[in-house]
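Undergrad: Predicted structure and sequence below. I'll ask about it afterward.
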Amino acid sequence: MSSSGTDRGMEQHPELGRLLLDAREAEQAKASAQLRHALDRIHAIEGSLRASEQRYETARKEADCALRSTQIWLAAQKEAFQAAMNGASLRASLGILIDTAVEQTNGDRRCAFYIADANGTALRHVVGMPESYAQHVDGLAISAESLACGLAIATGEPVITPDVLEEPRWRPWTWLAREYDYRGCWSFPVETSTEKRVGTLAMYFTEPREPTASDRDLAAVLNQTAAFIIAQHQQTDERTRIHRELVKSQQDLAAELAAAQRLQSVSTELASGQDIQSLYDKLIGAAMFIMRADFASMQVISTEHGAGRHLRLLTFHGFSPRAAKFWKCVQVDSSSTCGLALKSGQRAVIRDVANSDVLAGTDDLAMYLETGIRAVQSTPLVSRSGELLGMISTHWRNPHQPAERDLRLLDILARQAADVIERTGAEAALRESEARFREFGEASSDVLWVRDAEALQWEYVSPAFETIYGVPRKDILKGNNLEHWAALIVPADRERAVENLRRVRGGERVTHEFRIRRRSDGEIRWIRNTDFPLLDQSGRVQRIGGIGQDVTGEKATGDRLQVMVAELQHRTRNLIAVVRSMVAQTMAMTGPTEAFRHEFNHRLEALARVQGLLSRSDETPITLERLIRIELDALGMLEGANGRVTLQGPSVRLRSSIVQTLSLAVHELATNARKHGALANGDGRLSVTWQVHQAAEGPRLALEWIETTSGTRIDTSPARRGYGRELIEEALPYSLGATTTYELSAEGARCIIDMPLERPRRKRAG
Amino acid sequence: MNGRETLQGRRVLLVEDEYLIACEIVVGLRNGGAVVVGPVGCIDDALDLIDRTQGLDGAILDVNLRGEMAYPVADVLIQRRVPLVFMTGYDEASIPARYRTVTRCEKPVALADIARALFG
């Protein structure tokens, strides 16, 4: 609008118009310049605006990008964390981070995580690189001398190797870098919030490369997250481990409890009197249970069959018949564990028979393998007094090292097994001895019996009872058998017989006789009972044993014999009396030859005395001194002798077969001494001395009969050379094998008799 | 008596341990004309004598020689077919069955009986 005003001014004043024109032109130019300037400015502003817009756009784009990246990272972190929390493996959790990192860097690198082992001495690949690569680097040492990740974790600083081909430490590993096609290798330590280095992050580049700040940022972000995940994982691991241990220890406790219960139930079963074999089976059953074994066996020490000390198989579980036969009898030199344990007295354990030096090449090994046994232990069974009684063994199909805890429980079982063996061994011996006793009892014609000491009731009565007492055993054993028995005894003997049982109960041994009325036929029988106490281990009278013998016949025979002996003696003496009277009567008829009558009568009397001595010789042994004294006494030579007669010598017992002849000889010597010799007058002396001496064929008696007188003339007339001399010089040598000397001198008679005391042994066989 | 004739010249062994009895029998035998071999009082001596003597015609044996039975002597005599008699106080039942054929004379013996048993 302003221009239209100017144009009208120029039309009215040309000059002015020009001027105006000029001016207008000038103004126009100025304005144009100003306009141009303004335009320029506008352009500039426009440009700046545009730049601003562009910058904004870029910034917005960048922010978007960053936001997106951050969102991706957050998502990745979240995913990784969740994975870790949900118990995913470390590989899976960290794998999420690796994948994200590779993706976010547009695949310009490879990334991998490594973690340190529990000791912190070596690294293990977790995720990122191929398995084949991992195999090469697993176990890389963590140390200041190491390289890459091993060095990074040792120092706690990133180890940046822009080009592995340039780094001397890499020299041994460049082949690997070539094979897996990388040059740049960066390692960043992963540290937890507690500054514990748990692993590393590695980045690999195909070309040599230095890290930028954003590379380092990326590594930092990755490692922060990884540290978290690894820590989380380790905690989970630890919790899992603790849980597992808890479960294991609970299981162990349960097993121990079960084993203890088994032990207890076995003890209860052992206490109840079952048959031995089932006790043995229970013991090995418990042993298998405690040891969690597949086989078991039990043996006892034995010396039977003259095989020396060996182990005899009592029972087994799982053995084949061949194996049972093979180990039926194990000698001390056997290579089996039981043989070893027998030799050492200690438990023997072989955790793997196939790798045992002791077993190598032995038959035992072959049998173990044939039976399917790979592990075995043998535990000695020792009595409370320390004596080795047997062995309990358990076997496993697989190599096995028995746990200490199990072995301790087994020891408790072994203790009980030893008790069982000791008890059953003693029981078996007892049973055997009882069986033997019973055999004796059954065979004996005497009544053998055993009473309990408490109630005095019969526990055993042998069959002979039925014959002797005439009562069936089943009847007598009913009810109170002491009373039944006592009722069979005749009343007069009853009380004493029962009382004798009580004496035996008091520890005495009693032999007594009593009469019974035999039930079967009412006959009175004499019983001789020998009753004796049977002691238990503590010396207490536990039972009373007895042997009852029917001695009715024996007593009758004894009585008869006594009558017979008396009768015989009577007859003998009667006979002699008859002989005597016949001699007297004969003499009366043939004329009185007084001298004959006198001497003959004396001899006959001497003979009668000898008969008396002999008939009593069972009760009163005949000694030499007694024989001499009886003769001297009969002739009245001892009474009032005032020491003129001395007898001296040891006590010598004479055989009855020599008594008669010797007696007659002494009679002749004494008669002569009294009639003609030293004792005929008041001043003579008689000394009879004897001794026993040993000769080659046996003991001999040397007897000296010495008469001495002083002043009195001794009659040495032929009258003294008659019958007495013949007896001494002929009969004694003939009948008794004696050597004799008989001298008569003025001083008196002197007779020496030397004769064997024992019957000479036959020189020749009949 | 017949005994006298039958004993004449016979060689008779006497085994008797009792001296007095032996003497009595010896006298009787000699009076009967017999040749007495012995007497002896124990088994060993008797066996020795049998060995040393040729042509025994008979023997008289006391069964009990101081507690020893004279059967070994009897066995030898029987084996040599020498007639013999036992002198004994024992009754028949106590002599072993194999000597049942041997004549048994109870003490005190009558010589005539012995002579008859041996040579009759």
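TA: Perfect, thanks for sending it.
Undergrad: where does the closest residue to chain B within the stretch 351-500 of chain A fall, helix, sheet strand or coil?
TA: Using Cβ to the nearest Cβ, A:Ser445 is the residue of the stretch 351-500 of chain A that sits closest to chain B, at 26.0 Å. The C-beta positions use only the backbone N, C-alpha and C, and glycine is treated the same way. Three-state call for A:Ser445 (DSSP: H, G, I helix; E, B strand; the rest coil): coil.
Undergrad: helix/strand/coil for the residue in the stretch 101-250 of chain A positioned nearest to chain B?
TA: Closest approach between the stretch 101-250 of chain A and chain B, counting by Cβ to the nearest Cβ: A:Ser249, at 94.7 Å. In three-state terms, and counting by three-state DSSP, A:Ser249 is helix.
Undergrad: Tell me which residues touch it, please.
TA: By Cβ atoms under 8 Å, 6 or more residues apart in numbering or on different chains, the contact list for A:Ser249 is empty.
Undergrad: circling back: how much space between the residue nearest to the residue of the stretch 351-500 of chain A closest to chain B when sequence neighbours are not counted and A:Glu442?
TA: Excluding the flanking residues, the one nearest A:Ser445 by Cβ to Cβ, 6 or more residues apart in numbering or on different chains is A:Ala464, at 5.4 Å. Plainly put, A:Ala464 is 9 Å away from A:Glu442 if you go by Cβ to Cβ, to the nearest Å.
Undergrad: cool, A:Ala595 as well?
TA: 74 Å.
Undergrad: before we move on, what about A:Asp618?
TA: From A:Asp618 across to A:Glu442, the span is 37 Å (Cβ to Cβ).
Undergrad: Next: A:Leu388.
TA: A:Leu388 is 38 Å from A:Glu442, by Cβ to Cβ.
Undergrad: Settle it for me: which of these two has more neighbours?
TA: Applying other Cβ atoms under 10 Å in any protein chain shown to A:Leu388 and A:Glu442 shows that A:Leu388 carries more neighbours, namely 16 against 11.
Undergrad: Overlap of the contact sets of A:Ala464 and A:Glu442?
TA: Joint contacts of A:Ala464 and A:Glu442 (Cβ under 8 Å, 6+ apart) do not exist.
Undergrad: If I look at the residue in chain B positioned nearest to chain A, what pLDDT would I see?
TA: Chain A sits closest to B:Pro72 of chain B, with a gap of 2.4 Å, by Cβ to the nearest Cβ. According to the prediction, B:Pro72 has pLDDT 91.
Undergrad: Pretty sure it sits against B:Asp44.
TA: No - using Cβ atoms under 8 Å, B:Pro72 is not in contact with B:Asp44, being 9.5 Å away.
Undergrad: Contacts for stretch A:509-524, please.
TA: Contact with stretch A:509-524 is made by A:468-471, A:488-490, A:492-494, A:496-497, A:500, A:503-504, A:525-533, A:551-552, as judged by Cβ under 8 Å, 6+ apart.
Undergrad: just the strands in chain B please.
TA: With strands called from DSSP state E, chain B shows them at B:11-15, B:35-40, B:58-62, B:64-65, B:68-69, B:84-88, B:103-106.
Undergrad: how about the fourth one, does it reach chain A?
TA: Translated: strand B:64-65. No - contact check for strand B:64-65 against chain A, using Cβ under 8 Å from any Cβ of the partner chain: none in range, with a minimum separation of 9.0 Å.
Undergrad: List the neighbouring strands of that strand plus their orientation.
TA: Here strand B:64-65 has these sheet partners by DSSP bridges: strand B:68-69 (antiparallel).
Undergrad: and the partner strand, average pLDDT?
TA: The model assigns strand B:68-69 a mean pLDDT of 82.
Undergrad: distance between that strand and the chain's centre?
TA: Centroid separation for strand B:68-69 versus its chain: 15 Å, with Cα atoms, centre = their mean, to the nearest Å.
Undergrad: ok, now how distant is the nearest residue to A:Ala634 once chain neighbours are set aside from chain B?
TA: Once flanking residues are discounted, A:Ala634 sits nearest to A:Arg609: 6.2 Å by Cβ to Cβ, 6+ apart. To chain B, A:Arg609 is 17 Å away according to Cβ to the nearest Cβ, to the nearest Å.
Undergrad: packing partners for the helix or strand containing A:Arg609?
TA: In this structure, A:Arg609 sits in helix A:594-615 according to DSSP states H and E. In terms of contacts (3 or more Cβ pairs under 8 Å, 6 or more residues apart in numbering or on different chains; DSSP states H and E), helix A:594-615 is packed against helix A:552-590, helix A:624-634, helix A:656-675.
Undergrad: now these as a markdown table including mean pLDDT and mean neighbour count?
TA: Shown next, in a markdown table, are those (pLDDT from 0 to 100; neighbours: other Cβ atoms under 10 Å in any protein chain shown):
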| stretch | mean pLDDT | mean neighbour count |
| --- | --- | --- |
| helix A:552-590 | 70 | 12 |
| helix A:624-634 | 89 | 19 |
| helix A:656-675 | 85 | 22 |
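Undergrad: between those, which one is nearest to A:Ile45?
TA: The closest of the helices and strands packed on helix A:594-615 to A:Ile45 is helix A:552-590. By Cβ to Cβ, the value is 163.9 Å.
Undergrad: Would it be right to say that A:Gly522 lies in a helix?
TA: No - judged by three-state DSSP, A:Gly522 forms no part of a helix; its state is coil.
Undergrad: Give me the distance between it and A:Ile516.
TA: Following Cβ to Cβ, the distance that separates A:Gly522 from A:Ile516 is 11 Å.
Undergrad: same deal with A:Gly107?
TA: Taking Cβ to Cβ as the measure, A:Gly107 and A:Ile516 are separated by 123 Å.
Undergrad: What's the separation between the spatially most central residue of chain B and B:Arg11?
TA: For chain B, the residue nearest the mean C-alpha position is B:Ile60 (0.4 Å; Cα atoms, centre = their mean). Look at B:Ile60 and B:Arg11: by Cβ to Cβ, they are 12 Å apart.
Undergrad: With A:Glu53 instead?
TA: To B:Arg11, A:Glu53 is 185 Å away according to Cβ to Cβ.
Undergrad: Could I get the buried residue list for the strand or helix carrying A:Asp364?
TA: Using DSSP H and E, A:Asp364 maps to helix A:363-371. Residues A:364-365, A:367-368, A:371 are the ones in helix A:363-371 that count as buried (16 or more other Cβ atoms under 10 Å in any protein chain shown).
Undergrad: now do stretch B:34-41
TA: For stretch B:34-41, by 16+ other Cβ under 10 Å, it's B:34, B:36-41.
Undergrad: got JSON lines for the residues you listed, with distance to chain A and pLDDT too?
TA: Formatted as JSON lines, the buried residues of stretch B:34-41 follow (distance: Cβ to the nearest Cβ, whole Å; pLDDT from 0 to 100):
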{"residue": "B:Ala34", "distance to chain A": "20", "pLDDT": "90"}
{"residue": "B:Val36", "distance to chain A": "14", "pLDDT": "92"}
{"residue": "B:Val37", "distance to chain A": "15", "pLDDT": "92"}
{"residue": "B:Gly38", "distance to chain A": "10", "pLDDT": "84"}
{"residue": "B:Pro39", "distance to chain A": "8", "pLDDT": "91"}
{"residue": "B:Val40", "distance to chain A": "9", "pLDDT": "91"}
{"residue": "B:Gly41", "distance to chain A": "6", "pLDDT": "86"}
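Undergrad: Show me the two of the residues you listed that sit farthest apart.
TA: B:Ala34 and B:Gly41 (19.1 Å).
Undergrad: Can you give me the pLDDT of the residue of the stretch 101-250 of chain A closest to chain B?
TA: A:Ser249 carries a pLDDT value of 84.
Undergrad: ok, and the closest non-adjacent residue to the residue in the stretch 551-700 of chain A positioned nearest to chain B?
TA: Closest approach between the stretch 551-700 of chain A and chain B, counting by Cβ to the nearest Cβ: A:Ser657, at 4.3 Å. Counting by Cβ to Cβ, 6+ apart, A:Ser657 lies nearest to B:Arg66, which is 4.3 Å off, once chain neighbours are set aside.
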